[in-house]
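Participant: generate coordinates for the sequence data below:
(chains A and B)
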There are 2 protein chains.
Amino acid sequence: MTLNRQWLLAARPDGTIGPKNFTYAETDAPEIGAPENGAEEVLVKNLMLSFDPTQRNWMVDRPGYLPPVEIGAPMRAGSVSQVIASNHPDFAAGELVQTTGCWQDYAIVTPGKGPTGVNKLPPGVSPEMMLSILGITGMTAYFGLLDIGMPKAGETVLVSGAAGATGSIVGQIAKLKGCRVVGIAGGEEKCKWLMEEAGFDAVIDYKTEDVCAQIARHCPDKWDIFFDNVGGDTLEAALNHINLYGRVVLCGAISTYNATKPEPGPNNLMTLVTNRGRMQGFIILDFLPRAMEAIEHLMGWVASGDIVYKVDMAEGFENIPTTIQRLYTGQNFGKQLLKIADPE
Amino acid sequence: MTLNRQWLLAARPDGTIGPKNFTYAETDAPEIGAPENGAEEVLVKNLMLSFDPTQRNWMVDRPGYLPPVEIGAPMRAGSVSQVIASNHPDFAAGELVQTTGCWQDYAIVTPGKGPTGVNKLPPGVSPEMMLSILGITGMTAYFGLLDIGMPKAGETVLVSGAAGATGSIVGQIAKLKGCRVVGIAGGEEKCKWLMEEAGFDAVIDYKTEDVCAQIARHCPDKWDIFFDNVGGDTLEAALNHINLYGRVVLCGAISTYNATKPEPGPNNLMTLVTNRGRMQGFIILDFLPRAMEAIEHLMGWVASGDIVYKVDMAEGFENIPTTIQRLYTGQNFGKQLLKIADPE
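Facilitator: Presented below is the predicted three-dimensional model:
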């Protein structure tokens, strides 16, 4: 039998998540059913895992856009994986796929099922590219900005979590659409990268600057789109500077996820009335039928050098539970990934 | 000279507004310029005043969708008024018009200018009808529900401030569009009227019932549109029961207007993300170019008996400052108006 290492959900979140929420386990690698039983299953070996802020939401036992991960089950996570065996005519051993392999060495996945299905990597695309710029976070930037935010040339776009895997791509797409882009990020290194590499017009360091005052300074004509990954005080500060017909793209609220009780919301929602504003949430899974549209554009922009992306690569199966912590403390710089194994 | 009584803004709001914010004054009635000077002015005598929750916003010295009323100026208010003299070819002495006459006996108004311009009453329309169902509050219901909320037959519409001048019309239009309608109002008399006269499907009495639990009970499939006039805790309770693709029509937040410091917002805005929800504000002034569309529909529905409306009529110029207080305490039942004089 083949060893299958796993990190299982052991305790639901209460405040910050980390190693205390997970238990290490070892089992035998699963086997796919015989083809004559009609199950079109694929056995994969996980090579690289994606870490995403929304994973904490999956750990909570309340109705969400996906069912909660059960206690004792491997933690749900996106992955790039290699096909080991397949009952499905479209997949063959050795191929690399993007799927939801979870925190374990081996998984059985079913094409067309699960949050993202099973998708072959396009030619020339590396696992880290597939899980970052072309993955959920890159597509979130693409569809969130373009379909929910609806930018027009000449508008000002404010982005929180600007150095993150989604925020940094949002800002660069907005620049390509002719917008002025102001980012909010934490720390000198991230702010410098946004200005020098990602081409933002201005950056606010929330760790050392007064965010509300700096938004006023860098958005003298207010903002037309606020792409919010952070929520909480950042959202409240931003709403004070909404332009007429401004749009808030509600992507996430990472500042609030680890709170042990619900945090108060912004005290200035009436600015949405006065300014005819719109605040809209979305879930990227709804856009996956259009994934190829985003992937083609994003690959083109990476190839032309119009968009840069950054990966924060961890290594080692044993480090998975500490790696997820990095998302909620702002430690990661770029898309957080973890490499388990090389392809065979 | 003709006596012109006025109530002037004396002090900006600090908590609840009422008589302490206004000063009584007497001046001479103004006179319009000579026609040869080219000023197309109209001198009107105010017969009836409209009281609207948003008036408190006009008293605050901060940028808004209208300039703040200046200290020492007559308080801004919509009115039905009678033309006394006119330099404008479209208006003649004796005609009744809807305009922004402010808290005074006489005003000079200019057709095409001011928040609502100067509009003749359609044939057969009484002053109280013009200022309620056909006025700002009725049009707010019409455009807010139909253009911002976008109801579809079979959907559930939740309305706060349901017995108010806007909320009660929202619910009845929603019924006409084939929706199930649940109202939130305060007190047995208002709740009874909503069920028996206005045809709501269910009503929640926020004074005696747990609003969150009752929304769950009366919206077993959650709500698709929440038309919110109240804000605060009511909005937070409602957001717990938003359906997929639900829309919050942010009309106002009367529960928060008299707070001396900003009240925290809803702690569950992430429900907008999970449910792909949209929260959108609007200002009815933007829709006034389409006023005739709303007026024609609303007049038709009143004539056919499909919509009922309720007016809470005060009387007497001296009672103006106490009458505005009624809006923020839930005392008014139906559209709050005040009659100053009969037409001559």
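Participant: C-alpha only now, for contacts and for neighbours.
Facilitator: Will do.
Participant: how many residues are close by the closest residue to residue A:244 other than its chain neighbours?
Facilitator: Spatial nearest neighbour of residue A:244, chain neighbours left out: residue A:275 (4.5 Å); criterion: CA to CA, 6 or more residues apart in numbering or on different chains. Per other CA atoms under 10 Å in any protein chain shown, the neighbour tally for residue A:275 reads 21.
Participant: and for residue A:77?
Facilitator: Counted with other CA under 10 Å, residue A:77 comes out at 18.
Participant: for it, give me its contacts.
Facilitator: By CA atoms under 8 Å, 6 or more residues apart in numbering or on different chains, the contact list for residue A:77 reads A:49-51, A:55, A:100-103.
Participant: can you tell me the element the closest residue to chain B within the stretch 1-150 of chain A falls in?
Facilitator: Nearest residue of the stretch 1-150 of chain A to chain B (CA to the nearest CA) works out as residue A:65 at 5.7 Å. Assigned by DSSP states H and E, residue A:65 belongs to neither a helix nor a strand.
Participant: for the spatially closest residue to it that is not a sequence neighbour, grab phi and psi.
Facilitator: Spatially, and ignoring its direct neighbours in sequence, residue A:65 is nearest to residue B:274 (5.7 Å; CA to CA, 6+ apart). With angles defined as degrees, to the nearest 10, residue B:274 sits at phi -60, psi -40.
Participant: I figured residue B:274 was touching residue A:286, is that so?
Facilitator: No: the criterion here is CA atoms under 8 Å, and residue B:274 misses it with residue A:286 at 11.2 Å.
Participant: who's in contact with the least confident helix or strand in chain A by mean pLDDT?
Facilitator: Ranking every helix and strand in chain A by mean pLDDT, DSSP states H and E puts helix A:254-257 at the bottom, with a mean of 78. By CA under 8 Å, 6+ apart, the residues outside helix A:254-257 that reach it are A:53, A:56-57, A:229-232, A:262-263, A:328.
Participant: ok, so of those, who is nearest residue B:210?
Facilitator: residue A:262 (19.4 Å; CA to CA).
Participant: nearest spatial neighbour of residue A:212, chain-adjacent residues omitted?
Facilitator: Nearest non-adjacent residue to residue A:212, counting by CA to CA, 6+ apart: residue A:237, 4.9 Å away.
Participant: got a list of what the residue nearest to residue A:97 when sequence neighbours are not counted touches?
Facilitator: With CA to CA, 6+ apart as the criterion, residue A:97 has its nearest non-adjacent residue at 4.3 Å, and that residue is residue A:120. Residues near residue A:120 by CA under 8 Å, 6+ apart: A:95-98.
Participant: where along the stretch 101-250 of chain A do the strands fall?
Facilitator: Using DSSP state E, counting those that start in this stretch, the strands of the stretch 101-250 of chain A run over residues A:106-109, A:119-120, A:156-160, A:180-185, A:202-205, A:223-228, A:242-250.
Participant: mind giving me the domain ranges of chain A?
Facilitator: Using automatic domain parsing, the domain parsing of chain A gives A:3-132+A:310-339, A:136-285.
Participant: please identify the most buried of those domains.
Facilitator: Across the domains of chain A, averaging neighbours per residue (mean count of other CA atoms under 10 Å in any protein chain shown) puts domain A:136-285 on top, at a mean of 21.
Participant: what is the end-to-end distance of it?
Facilitator: Terminal residues of domain A:136-285 are spaced 8 Å apart (CA to CA, to the nearest Å).
Participant: gap between it and the chain center?
Facilitator: What separates the centre of domain A:136-285 from the centre of its chain is 15 Å, taken as CA atoms, centre = their mean, to the nearest Å.
Participant: could you do stretch A:126-134 as well?
Facilitator: 12 Å.
Participant: report the contact partners of whatever residue of the stretch 101-250 of chain A ends up closest to chain B.
Facilitator: The minimum distance from the stretch 101-250 of chain A to chain B, using CA to the nearest CA, falls at residue A:250 (6.4 Å). Shown in contact with residue A:250 (CA under 8 Å, 6+ apart): A:227-229, A:279-282, B:272-273.
Participant: same thing but 6 Å
Facilitator: Taking CA atoms under 6 Å, 6 or more residues apart in numbering or on different chains, we find residue A:250 in contact with A:228, A:280-281.
Participant: got it, and residue A:242?
Facilitator: For residue A:242, the contact set (CA under 6 Å, 6+ apart) comprises A:222-223.
Participant: local confidence estimate at it?
Facilitator: Looking at residue A:242, its pLDDT is 98.
Participant: element containing the nearest residue to residue A:61 once chain neighbours are set aside, please.
Facilitator: Leaving aside its sequence neighbours, residue A:61 sits nearest to residue A:68 (CA to CA, 6+ apart; 5.6 Å). Remark: residue A:68 resides in no helix or strand, with elements defined by DSSP H and E.
Participant: one step back: among the contacts of helix A:254-257, which are located in helices?
Facilitator: Judged by DSSP state H, the contacts of helix A:254-257 include A:56-57, A:232, A:328 as members of helices.
Participant: let's have those in JSON lines, adding distance to residue B:163 and pLDDT.
Facilitator: Shown next, in JSON lines, are these (distance: CA to CA, whole Å; pLDDT from 0 to 100):
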{"residue": "A:56", "distance to residue B:163": "41", "pLDDT": "93"}
{"residue": "A:57", "distance to residue B:163": "38", "pLDDT": "90"}
{"residue": "A:232", "distance to residue B:163": "33", "pLDDT": "92"}
{"residue": "A:328", "distance to residue B:163": "45", "pLDDT": "88"}
